[in-house]
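**Student:** predicted coordinates and the sequence they were generated for:
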Amino acid sequence: MSAVAHPEYSALPFIPKSHSVKKLREAAQYCQGCPLFENASQTVFGEGHSDPTIMLVGEQPGDQEDVAGKPFVGPAGKLLDICMREAGISREQAYVTNIVKHFKWVQRGKRRIHDQPNAMEVTACKPWLEAEMEAVHPKLVIALGATAAQGLAGRNFRVTRQRGEIIRVEKYPPIMATVHPSSLLRQATSEDRHRETHLFIADLKKGAEFVSGKKFLGKL
């Protein structure tokens, strides 16, 4: 995301020299790289296989993730698990994380409602994701939704236009973008949800085919 971070806001001072996932996860619990830590219950770091073929990157943890301290355990995460299985991707063999590690929310009655992170917050937090990529060396990064996709590929990237393409960004593994599974849950009708879920699974299958070497996709 081509945004200039506030000079005081960056996760870099909190990132340890050792980029093992264990060391990163421990250090991330103390991150105060942007103001989001003030209202979140805890840092929600990525988890999964130490040598994954695929890393899936969402926007930020939700309410249930904030409470549990684990990524993708809420309704969108459960749907992601189902779609990954349909696409032939094992959650145990993948690595799942978010580009922003703290839950950003607004109070609405008794509920904490998701609030989209802004460019400054994404830029400040992105060093954690870059350290995760360095630690686990995925063959492909699948960005789930516009915030993750633009955070990695730049603000001119459009999921609606470039969905399912394999692209190269300097210093990163190959990247493919698709929608966030939460968007499937927001579909107006069961027919819409079925159609969009089918398309989402097809995107995940493209990623699985790419890392398996069965098919060349996009322009590298």
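**Tutor:** On my side now, so go ahead. Predicted model, so just to flag it, every value in this text is computed and none were measured.
**Student:** list the contacts for A135?
**Tutor:** H19, S20, V21, L24 (CB atoms under 8 Å, 6 or more residues apart in numbering). For glycine as for every other residue, the C-beta is placed from the backbone atoms N, C-alpha and C.
**Student:** ok, so of these, who is nearest P173?
**Tutor:** H19 (14.8 Å; CB to CB).
**Student:** does the closest one really touch M133, like I thought?
**Tutor:** No: if you go by CB atoms under 8 Å, H19 and M133 don't touch, sitting 9.4 Å apart.
**Student:** the more surrounded of the two?
**Tutor:** Counted by other CB atoms under 10 Å, H19 and M133 do not tie: M133 has more neighbours, with 21 against 15.
**Student:** which residues does the more buried one contact?
**Tutor:** Here M133 is in contact with M55, V141, Y172, P173 (CB under 8 Å, 6+ apart).
**Student:** check for me that it belongs to a strand.
**Tutor:** No: looking at M133 with DSSP: H, G, I helix; E, B strand; the rest coil, it is helix, so not inside a strand.
**Student:** how about the contacts of A135, which pair is most distant?
**Tutor:** The most widely separated members of these, counting by CB to CB, are H19 and V21 (8.2 Å).
**Student:** PyMOL command for the buried members of the contacts of A135?
**Tutor:** The PyMOL selection below is limited to those of those classed as buried (16 or more other CB atoms under 10 Å):
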select buried, resi 21+24
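**Student:** just the contacts of A135: which are in helices?
**Tutor:** In helices, defined here by DSSP state H, the members of these are V21, L24.
**Student:** can you pull out the helices in the chain?
**Tutor:** 21-28, 63-68, 75-87, 119-136, 146-153, 159-162, 181-185, 190-212.
**Student:** now the shortest one: mean pLDDT?
**Tutor:** Per-residue pLDDT values across helix 159-162 average out to 96.
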